[in-house]
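1. got a predicted structure here, sequence first:
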There are 4 protein chains.
Amino acid sequence: MTFPAPLTGVVPPVCTPLTPDGEVDVASLHALIDHLVGGGVHGLFVLGSTSETAYLTDRQRALVVTETVRQVGGRLPVLAGAIDLTTPRVLDQVARVTAAGADAVVVTAPFYTRTHPAEIARHFRLVAAASPVPVIAYDIPAAVHSKLPSELVLELAAEGVLAGLKDSSGDQAGFRRVVTGARTHPALTGFSVLTGSEALVDAALAMGADGAVPGLANVDPHGYVRLYRLHRAGDADLARAEQERLCALLGLVGVGDGTRMGGSSAALGAFKAALHLRGVIASPTTAEPQVPLSADEVAQVGKYLAAAGLL
Amino acid sequence: MTFPAPLTGVVPPVCTPLTPDGEVDVASLHALIDHLVGGGVHGLFVLGSTSETAYLTDRQRALVVTETVRQVGGRLPVLAGAIDLTTPRVLDQVARVTAAGADAVVVTAPFYTRTHPAEIARHFRLVAAASPVPVIAYDIPAAVHSKLPSELVLELAAEGVLAGLKDSSGDQAGFRRVVTGARTHPALTGFSVLTGSEALVDAALAMGADGAVPGLANVDPHGYVRLYRLHRAGDADLARAEQERLCALLGLVGVGDGTRMGGSSAALGAFKAALHLRGVIASPTTAEPQVPLSADEVAQVGKYLAAAGLL
Amino acid sequence: MTFPAPLTGVVPPVCTPLTPDGEVDVASLHALIDHLVGGGVHGLFVLGSTSETAYLTDRQRALVVTETVRQVGGRLPVLAGAIDLTTPRVLDQVARVTAAGADAVVVTAPFYTRTHPAEIARHFRLVAAASPVPVIAYDIPAAVHSKLPSELVLELAAEGVLAGLKDSSGDQAGFRRVVTGARTHPALTGFSVLTGSEALVDAALAMGADGAVPGLANVDPHGYVRLYRLHRAGDADLARAEQERLCALLGLVGVGDGTRMGGSSAALGAFKAALHLRGVIASPTTAEPQVPLSADEVAQVGKYLAAAGLL
Amino acid sequence: MTFPAPLTGVVPPVCTPLTPDGEVDVASLHALIDHLVGGGVHGLFVLGSTSETAYLTDRQRALVVTETVRQVGGRLPVLAGAIDLTTPRVLDQVARVTAAGADAVVVTAPFYTRTHPAEIARHFRLVAAASPVPVIAYDIPAAVHSKLPSELVLELAAEGVLAGLKDSSGDQAGFRRVVTGARTHPALTGFSVLTGSEALVDAALAMGADGAVPGLANVDPHGYVRLYRLHRAGDADLARAEQERLCALLGLVGVGDGTRMGGSSAALGAFKAALHLRGVIASPTTAEPQVPLSADEVAQVGKYLAAAGLL
């Protein structure tokens, strides 16, 4: 499908359901997509951090894109992460996911290697020159250990290198510089500024952001869609109330014991446990080497769902 | 060949010569291998950070291993990095490089994702269980943003999960804990402790380390082999003098302008410029998106070579 | 005066005017206070980071509090930073600034030393037990290199240890957890949650924050007061427009050349240059060892003021 | 006394004994000084990190210097930390400790504030210009969150600004650059390069360092003095064996439970517990807000002492 310019609304980063032995569970992936599309979302982002893309083999990554594109059937744009260490490897990922049907690619700064803003700019220019589809910049310093400077994002947007920004940096002031810059620059009318901060979607929309990519929307797509519609209807108070309900639900990412597991295990394990408890996916399995939630921790996830009226 | 237990001596992390358009330059790779073997080194490590493995596609990585193994012809052990984000992807890399003939694999902690010591342990256990060749742990926090705890390395070594450690952490006190632990634990007689700190090889050997993996040995393999032999001969003062000569040469990694490029561009660009100036490789090209050294910076590399008697 | 519970509104962190030889310029301090009070602010915070408290001697710190309290004459609450490395030294600072008349003290987590949440909690409990005035927690990880956990802030608030939070962490999601927690916990009706993020005051107020401590309010107190009043009047769109005007003005903190000076020199130098250009203070001098702005950089500050209608 | 140029040998950073209610225990301080002088050390460094200087009030700091100078009676040089946030405050500390009799001051880069190498250079130049005694640079990035560049240290040394370096950075390669630079630069014959890395003293001396400032020397001064003498006698193997014995003893800093306390509590608590168990000081009390070791943790300290033959 033609990629919207700008992309707006709620674009969940889709969890990747796995079988207990670590394979992509295609039937559950289809069910999760139906759950999200049925919730009214405006696009899907596969192979992002929430999708456990870091843990999927190239074969699995291609399968996820193929099956998502098939199940969506052109109803919504499908964005795919092309996550790898540097330009030559990212170009291979771009080729792989676009061959599988992705409508846009989502690309981070180089990582593993020590990089520099000049090299980050060069990286995005080379990727965009070779990509058959629009490129969305993915600002995620917690993963890649460098921050995309706001000025660089706007410069690359004005050049036509970038079609949008997915901001998972947590830096709201920098995010606002991009939002305001994109709203005031005539060449950037089609540039999409999306927040990945699940707890701040109302605030991002109020600043003028185009939409959100909230991991928690896997668990409660209806809530984020409602929030987005309330914002569009100009009802800031109800939007905030919906956001606060979602913030309370977001507490589930903290049930995993930090002395026993890392942040990915805790957050992704909780999302998948919630989807399993809600009957959307067949197994809460997360990929190796993540540590699974304990039965007690899963029970706590259930309490969060119950409190949010989702069980 | 049978992998030595322990691996000892000088094991350079081999630069990957590239053509001006970014392809692996196989003829130059062969020439570089001959240069290193002729210098008396004790093993070769391909697809490490110095090899620009972060910038090589999977096809290029396989080609590097195949051609290295072919050119070495069993004279020395060939270690290959299996560098990727997490366990499932690392297992694919292990399969690829061992199919191409690597005698051992070198593996880091998971990166990009937020990890935990329990997950790092699980990662190495799973990789070792699936690998047909010995696994060397690669401690490189500057790249992966977590440090391998000394106690965990020794624990995994005692279990037989790890055959060695390549320490590029810069943490000499932690390195010493592993060296001393490996020397005193009866189950660890075959465990190899190697330093990646080019400026501290004499000190590491004096502490009891088995050897070194110095990037600068691409430029001056004879120097590091001489240093190793002086140490083995018990001549600490001459070993230190040789190390100091190499430390002076190491200054070449700093010629790149930090306001214009990142650390990889500066260090790898300088190694390749030196190899080109010495006539070993056909082009000093580094992979995208690294920024090339300027002509003036290359001239400074030449001055370092001249001062070290290498031109 | 009785300290308000909760403290609300705009509470600028007051710059400390200096003479060219580095002494506190008392006349300029009085003029700055009049400028702020005349702008309609709701309280004053002296000896914070924006006040260059890190650069003031104990004698100078006491002088600043004494002269501020004198000039304010009870019209507004005066908060004073009690910034030092750990508990025993902070207690000395608390004694000093409360003897000089401060109505509340603002205290960070321990720094310089490697600390732990349990020790941070112990620190605030001991400080509060000894302080004759309310204690506001100052969350500023860029300075102290640890983050106050939201749960700990709420726990200490519920115990009566803390009277408020000044959040300069940049972590809006964590800030929101405190705001929402404080609004919903019956024991916390008097607890004040204040943002230090100058570019996000509208968003913070929309979330339910009590007020703001914006360094930029030194330069444009009327703007922040207007923003606060628009919010209170329920006019979110005009509040946002005012915030965007202030965001544009905030660009002045970036005129200092980062290859020549640090972040304190750039930001504090710009604030003082602006106050000097506006005729409020007699000299733009910043304390040693900060690097002064160049004449060209000062001229750029002037352009920001002109664009904001402040010259 | 005249400060030696260069200062060489073992210069312990002296623990500050406290009474159970947190006051300086002068009798125990005298006893600890006698223990160290009796162990053959070559100087004393008070008010460093190991001295809990971060936790001492200015009154207590002055008392420590006065009593140390009194007890030493000119037999050894006494260095005193002048630890504070920036230049003006450090100058006050310099005045205070030199009035109390310190023979040299030890000064870090500015902290709390965001600094820059140009500002660090300015800081040391201003401090040295005002100090009546030699200035030693204290490189401790774990505390101040910036690293002193080797080139800057050598530049300031050549200017006469710095009389020495106490390196607690853990960066042995950078340390070596300073050692080698100081040995080869004719203007630096009196410049003293000291390592603070307790586990690497043999290696530092072998590189050409002048001496060491090991916190563990509080517990076992005889061991470090023996190590130093073995090195001077040219017996590298025995020096290494002594170092390895001390490395084993150093394990006591890890007995404190990291889920319950920070690094200062664990390390300083262990040193003081050891001094108490050895009968040198009257109480193992550490300053607030550090968490005390448990009885079980103290028992583990005792086992380390017993294993090292110190009980």
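-> Cool, the structure landed. Numbering: from 1, shown residues only, chains lettered A, B, ... in the order given.
2. and the stretch 101-250 of chain A, which residues reach chain C?
-> A:170-173, A:176-177, A:180, A:197-200, A:202-203, A:206-207, A:236, A:240, A:244, A:247 (C-beta under 8 Å from any C-beta of the partner chain). C-beta here means a position set from N, CA and C on the backbone, and glycine is covered the same way.
3. how about a cut-off of 7 Å?
-> With C-beta under 7 Å from any C-beta of the partner chain as the criterion, the stretch 101-250 of chain A meets chain C at residues A:170-173, A:176, A:180, A:197, A:199-200, A:203, A:206-207, A:236, A:240, A:244, A:247.
4. check contacts around A:Ala54.
-> B:Leu85, B:Thr86, B:Tyr112, B:Thr113 (C-beta atoms under 7 Å, 6 or more residues apart in numbering or on different chains).
5. and those, which two are the farthest apart?
-> Greatest spacing in these, by C-beta to C-beta: B:Thr86 and B:Tyr112 (7.7 Å).
6. tally of neighbours for the residue of chain A found nearest chain D?
-> For chain A and chain D, the shortest gap (C-beta to the nearest C-beta) falls at A:Thr259, measuring 6.2 Å. When neighbours are defined as other C-beta atoms under 10 Å in any protein chain shown, A:Thr259 has 8 of them.
7. can you tell me the closest non-neighbouring residue to it?
-> Closest residue to A:Thr259 apart from its sequence neighbours, by C-beta to C-beta, 6 or more residues apart in numbering or on different chains: D:Thr259 at 6.2 Å.
8. surely that neighbour meets A:Gly258?
-> No: contact between D:Thr259 and A:Gly258 fails when scored by C-beta atoms under 7 Å: they sit 9.6 Å apart.
9. quick check: the gap between the residue in the stretch 201-311 of chain A that chain C sits nearest to and C:Val213.
-> Here the residue of the stretch 201-311 of chain A nearest chain C is A:Ala203; by C-beta to the nearest C-beta that distance is 4.3 Å. According to C-beta to C-beta, to the nearest Å, A:Ala203 stands 19 Å off from C:Val213.
10. so those two - more neighbours on which side?
-> More crowded of A:Ala203 and C:Val213, by other C-beta under 10 Å: C:Val213, with 29 against 26.
11. tell me where the stretch 1-150 of chain A has strands.
-> A:9-10, A:44-46, A:78-81, A:104-107, A:135-139 (DSSP state E, counting those that start in this stretch).
12. now those as TSV including distance to chain D and mean pLDDT?
-> Formatted as TSV, the strands of the stretch 1-150 of chain A follow (distance: least, C-beta to the nearest C-beta, whole Å; pLDDT from 0 to 100):
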stretch	distance to chain D	mean pLDDT
strand A:9-10	37	98
strand A:44-46	35	98
strand A:78-81	33	98
strand A:104-107	30	98
strand A:135-139	22	98
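13. in CSV: those, plus mean neighbour count.
-> Shown next, in CSV, are the strands of the stretch 1-150 of chain A (neighbours: other C-beta atoms under 10 Å in any protein chain shown):
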stretch, mean neighbour count
strand A:9-10, 23
strand A:44-46, 28
strand A:78-81, 30
strand A:104-107, 26
strand A:135-139, 26
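14. TSV please, covering the ones you listed and showing distance to D:His222.
-> Converted to TSV, those look like this (distance: least, C-beta to C-beta, whole Å):
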stretch	distance to D:His222
strand A:9-10	69
strand A:44-46	64
strand A:78-81	60
strand A:104-107	60
strand A:135-139	56
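15. can you say which helix or strand has A:Ile281 in it?
-> Per DSSP states H and E: A:Ile281 is located in neither a helix nor a strand.
16. was I right about it contacting A:Leu18?
-> No: A:Ile281 is beyond contact range of A:Leu18, at 8.8 Å (criterion: C-beta under 7 Å).
17. what do the two both touch?
-> Common contacts of A:Ile281 and A:Leu18, defined by C-beta under 7 Å, 6+ apart, comprise A:Asp25.
18. for the stretch 151-300 of chain A, which segments count as helices?
-> A:172-184, A:201-207, A:221-232, A:236-250, A:263-277, A:295-307 (DSSP state H, counting those that start in this stretch).
19. reformat those as CSV; add distance to A:Glu52 and mean pLDDT.
-> Shown next, in CSV, are the helices of the stretch 151-300 of chain A (distance: least, C-beta to C-beta, whole Å; pLDDT from 0 to 100):
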stretch, distance to A:Glu52, mean pLDDT
helix A:172-184, 25, 97
helix A:201-207, 22, 98
helix A:221-232, 19, 98
helix A:236-250, 19, 97
helix A:263-277, 6, 97
helix A:295-307, 17, 98
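20. could those go into JSON lines alongside distance to C:Leu305?
-> Putting the helices of the stretch 151-300 of chain A into JSON lines (distance: least, C-beta to C-beta, whole Å) gives the following:
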{"stretch": "helix A:172-184", "distance to C:Leu305": "19"}
{"stretch": "helix A:201-207", "distance to C:Leu305": "24"}
{"stretch": "helix A:221-232", "distance to C:Leu305": "34"}
{"stretch": "helix A:236-250", "distance to C:Leu305": "32"}
{"stretch": "helix A:263-277", "distance to C:Leu305": "43"}
{"stretch": "helix A:295-307", "distance to C:Leu305": "49"}
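21. tell me which of those sits nearest to D:Ala31.
-> When the helices of the stretch 151-300 of chain A are compared by C-beta to C-beta, helix A:263-277 sits nearest D:Ala31, at 48.0 Å.
22. for chain B, what are the nearby residues on chain A?
-> Going by C-beta under 7 Å from any C-beta, the residues of chain A near chain B are A:22, A:54-57, A:85-89, A:92, A:110-116, A:118-119, A:122-123, A:126, A:142-143, A:145, A:260-265, A:287-291.
23. just the buried ones out of the residues of the stretch 101-250 of chain A next to chain C, please.
-> A:170-173, A:176, A:180, A:197, A:199-200, A:203, A:206-207, A:236, A:240, A:244, A:247 (16 or more other C-beta atoms under 10 Å in any protein chain shown).
24. what parts of chain A come near chain D?
-> Within reach of chain D by C-beta under 7 Å from any C-beta, chain A has these residues: A:Thr259.
25. poorly predicted segments of chain A, please.
-> Along chain A, the parts satisfying pLDDT under 70 run over A:1.
26. one step back: which of the residues of chain A next to chain B are buried, as a ChimeraX select command?
-> Typed into ChimeraX, the line below selects the buried ones among the residues of chain A next to chain B, using 16+ other C-beta under 10 Å:
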select /A:22,54,55,56,57,85,86,87,88,89,92,110,111,112,113,114,115,116,118,119,122,123,126,143,145,261,262,263,264,265,287,288,289,290,291
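27. in helices, which of the residues of chain A next to chain B appear?
-> Counting by DSSP state H, the part of the residues of chain A next to chain B found in helices is A:87-89, A:92, A:118-119, A:122-123, A:126, A:142-143, A:263-265.
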